[in-house]
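J.: Could you work out the structure for the sequence below:
(chains A and B)
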2 protein chains.
Amino acid sequence: MRILWLSGREMEALLEMGEVIAAVEEAFREHGLGRVQMPPKVYLYFEKGDLRAMPAYIPSLDRAGVKIVNVHPENPSQGLPTVMASYVLVSPATGQPLAVMNATYLTDARTGAAGAIAAKYLARQDSRTLGLVGAGRQARAQLLAIAELFDLERVLVASRTLSSAERFAEEMGKELGVDIKACEVREACGADIVTTTTPSRKPVVRDEWIREGTHINAIGADAPGKQELDPKILRRAKIVVDAWEQAKHSGEINVPLRERQLFREDIHAELGEVVAGKKPGRESDEEITVFDSTGLAIQDVAAAALAYRLARERGIGRELEF
Amino acid sequence: MRILWLSGREMEALLEMGEVIAAVEEAFREHGLGRVQMPPKVYLYFEKGDLRAMPAYIPSLDRAGVKIVNVHPENPSQGLPTVMASYVLVSPATGQPLAVMNATYLTDARTGAAGAIAAKYLARQDSRTLGLVGAGRQARAQLLAIAELFDLERVLVASRTLSSAERFAEEMGKELGVDIKACEVREACGADIVTTTTPSRKPVVRDEWIREGTHINAIGADAPGKQELDPKILRRAKIVVDAWEQAKHSGEINVPLRERQLFREDIHAELGEVVAGKKPGRESDEEITVFDSTGLAIQDVAAAALAYRLARERGIGRELEF
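T.: This is a model prediction of the structure:
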């Protein structure tokens, strides 16, 4: 029996953002239709970080698997990435492991894809400007994904230090051929679509900076206590989460829920319900919409199944004796 | 960054049973001392089987990881094993994946090791005969492990069909140089140590066949509804489980507990508590002892850490670009 190994470099070559968006959108649709299995993430806790096992099964894809991913915020000081992920893809029919993959880029890409899908259903269709709050790896993926679905005229990027925002603007401006400007958070918040990707534990986006009609992708909060938006924004917004069970304890909504500034009934829908047509997306040009992303295991299995199919078609990867 | 791949063949060469027993015993001791992390197994359910993700962290080993393992009972009709497992071993300090392994043999070996460790603390020290009920892969591992710790004079093996018991007796007798005889279940139950490894859903071992002083390793039951022993045996035995939380819903005790033939207070200890010296093991030559094994993720991480260390020392395995 053989198993396919796909390195990080091979995964980057295989996973083209447009295709990842299509695969992840299909996964959200299946989720919205109640046709996936996705038990809660399981955590191990270390002194300087944690490890998460994320299993999921999408019957319509005939694929299942488990992502194993860490978060170690101090890693960069040792020259290692904060997040490193592996994926084991399995055949549901026999349980046979099909492939083991570096899933670090996959994690970036599928998270970017979720932001783009949320914007497709929740942002104004004529959105032309994107504001990024945070200028790290995930900001890059969010920008690449939004650029797939929207004709961006201008991107504004804010970061804790102006220099990192400027570096991001220069690099990504070249790569995408789009006008990108480093700025203050306030200015970035004036864009049609605002995407936050910081690890903040207190709001960085103020209520008075967000105008009517804005769509916000709140990506950064993925653990209890994390929060990027002034809760007042949530109070006047239509809120869509990726999955209620995850978002309530680790998404953007977790702190406001705990502090009773927000309640279950303030949540409009899960993204899958909107994609599946069970709940409406944006209904007027004036409403403020917020997508709260925590990252779902179904996004991973959809992207991993895509990478595996493409790798097989193109003869990429290394076959190992299992 | 590089990651080590270890194939099934390499794992079999690396994992010598005596060393696996020592590593797994240490894992049980840490478990008994409350110094491990082991969240519950997470399941995905397929039409013809299931998949389990089993994360664990043993700080004293400085290793963590996740096993991904299926159970597909109809696989042998397609020439595939019922169980196929992979392991992703991780450094707790950085979250970096260190190795990906075929963990199918590891699963056999660490389960065999648990049986031997249980017998070390619970069987009579002068035990010389082993009775096996079931003659599959796991019977083989249990025999190899018990043979490491006891001077076996005679092994009795019973199976659903006499021919498979005879085949087992011939093959394993040659391999171990021990007298092995195929027989009926009743006769196998007369041994000093009795090990059951069947997938049965109703008792195959009758109360009247078990004499005083016997130690039973009940290995087969690993899912709700499974059961190998007449509950009357449990009523007169000192029962040790590997982990109460797992055993109560999927171990040998699950059916008797549900049917109120057995209660929480009838469980003497977890094996780790006995290994750590917190609870006594066998206290007289007359008592009947039962070890209820469901298989713990700490056994896997201990064996995987061992395989990784040995592979590094001996230059075994293939380094892959991560």
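
J.: what about A:Glu259, how many residues close to it?
T.: Other residues lying near A:Glu259 total 10 when counted by other Cβ atoms under 10 Å in any protein chain shown. Every C-beta, even on glycine, is put in place using the N, C-alpha and C of the backbone.

J.: which residue sits closest to it in space, ignoring its chain neighbours?
T.: A:Pro231 (7.7 Å; Cβ to Cβ, 6 or more residues apart in numbering or on different chains).

J.: And the pLDDT for the closest residue to chain B within the stretch 151-300 of chain A?
T.: Nearest residue of the stretch 151-300 of chain A to chain B (Cβ to the nearest Cβ) works out as A:Ala297 at 9.9 Å. A:Ala297 is assigned 98 on the pLDDT scale.

J.: what does the one 10 residues further on give?
T.: Per-residue pLDDT puts A:Ala307 at 98.

J.: hang on, isn't it packed against A:Glu12?
T.: No. Counting by Cβ atoms under 8 Å, A:Ala307 stays clear of A:Glu12, with 10.0 Å between them.

J.: Looking at the two, which is more packed in?
T.: Higher neighbour count among A:Ala307 and A:Glu12: A:Ala307, with 31 against 15, using other Cβ under 10 Å.

J.: how about the strands of the stretch 51-200 of chain A, start to end?
T.: A:63-71, A:85-90, A:97-102, A:129-133, A:154-158, A:180-182, A:193-196 (DSSP state E, counting those that start in this stretch).

J.: could you dump the ones you listed to JSON lines with mean pLDDT, mean neighbour count and distance to A:Tyr57?
T.: As requested, those are exported to JSON lines (pLDDT from 0 to 100; neighbours: other Cβ atoms under 10 Å in any protein chain shown; distance: least, Cβ to Cβ, whole Å):
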{"stretch": "strand A:63-71", "mean pLDDT": "98", "mean neighbour count": "27", "distance to A:Tyr57": "4"}
{"stretch": "strand A:85-90", "mean pLDDT": "98", "mean neighbour count": "26", "distance to A:Tyr57": "9"}
{"stretch": "strand A:97-102", "mean pLDDT": "98", "mean neighbour count": "26", "distance to A:Tyr57": "13"}
{"stretch": "strand A:129-133", "mean pLDDT": "98", "mean neighbour count": "27", "distance to A:Tyr57": "34"}
{"stretch": "strand A:154-158", "mean pLDDT": "98", "mean neighbour count": "24", "distance to A:Tyr57": "37"}
{"stretch": "strand A:180-182", "mean pLDDT": "98", "mean neighbour count": "20", "distance to A:Tyr57": "39"}
{"stretch": "strand A:193-196", "mean pLDDT": "98", "mean neighbour count": "29", "distance to A:Tyr57": "30"}
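
J.: Dump these into CSV; add distance to B:Arg52 as well.
T.: Output for these, formatted as CSV (distance: least, Cβ to Cβ, whole Å):
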stretch, distance to B:Arg52
strand A:63-71, 9
strand A:85-90, 11
strand A:97-102, 13
strand A:129-133, 40
strand A:154-158, 43
strand A:180-182, 46
strand A:193-196, 36
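
J.: Kindly reformat those as CSV containing distance to chain B.
T.: Shown next, in CSV, are the strands of the stretch 51-200 of chain A (distance: least, Cβ to the nearest Cβ, whole Å):
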stretch, distance to chain B
strand A:63-71, 2
strand A:85-90, 5
strand A:97-102, 5
strand A:129-133, 26
strand A:154-158, 28
strand A:180-182, 30
strand A:193-196, 24
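
J.: quick one on the thing from earlier: neighbours of the residue nearest to A:Glu259, how many?
T.: 17.

J.: tell me the phi and psi of it?
T.: phi -60, psi -20 (degrees, to the nearest 10).

J.: which ones are touching it?
T.: Each residue near A:Pro231 by Cβ atoms under 8 Å, 6 or more residues apart in numbering or on different chains is listed here: A:Pro203, A:Val255, A:Pro256, A:Glu259, A:Gln261, A:Leu262.

J.: about what we covered before: pull up the overlap in contacts between A:Ala307 and A:Glu12.
T.: Between them, A:Ala307 and A:Glu12 share no contacting residue under Cβ under 8 Å, 6+ apart.

J.: Which single one of the contacts of A:Pro231 is nearest to B:Ala223?
T.: A:Val255 (39.5 Å; Cβ to Cβ).

J.: My read is that that closest one contacts A:Glu228, right?
T.: No. With contact defined as Cβ under 8 Å, A:Val255 and A:Glu228 do not form a contacting pair (10.0 Å).

J.: And the two? Which one has more around it.
T.: More crowded of A:Val255 and A:Glu228, by other Cβ under 10 Å: A:Glu228, with 24 against 20.

J.: The more buried one contacts A:Arg206, doesn't it?
T.: No. Counting by Cβ under 8 Å, A:Glu228 stays clear of A:Arg206, with 11.1 Å between them.

J.: Can you tell me how far the nearest residue to A:Ala311 once chain neighbours are set aside is from A:Leu89?
T.: Sequence neighbours aside, A:Gly317 is the residue nearest to A:Ala311 in space, at 4.6 Å (criterion: Cβ to Cβ, 6+ apart). Here A:Gly317 is placed at a distance of 12 Å from A:Leu89 (Cβ to Cβ, to the nearest Å).

J.: which residues are common contacts for these two?
T.: A:Ala99.

J.: A:Ile180 contacts A:Phe168, doesn't it?
T.: Yes. Using Cβ under 8 Å, A:Ile180 makes contact with A:Phe168 at a distance of 7.4 Å.

J.: Next, show the common contact partners of those two.
T.: With Cβ under 8 Å, 6+ apart, A:Ile180 and A:Phe168 have common neighbours A:Val157.

J.: Which residue is the nearest non-sequential neighbour of the residue of the stretch 201-322 of chain A found nearest chain B?
T.: Closest approach between the stretch 201-322 of chain A and chain B, counting by Cβ to the nearest Cβ: A:Glu321, at 4.7 Å. Distances taken as Cβ to Cβ, 6+ apart put B:Ser7 closest to A:Glu321, at 4.7 Å, once the chain neighbours are dropped.

J.: so who does that neighbour touch?
T.: Here B:Ser7 is in contact with A:Leu320, A:Glu321, A:Phe322, B:Asn102, B:Gly317 (criterion: Cβ under 8 Å, 6+ apart).
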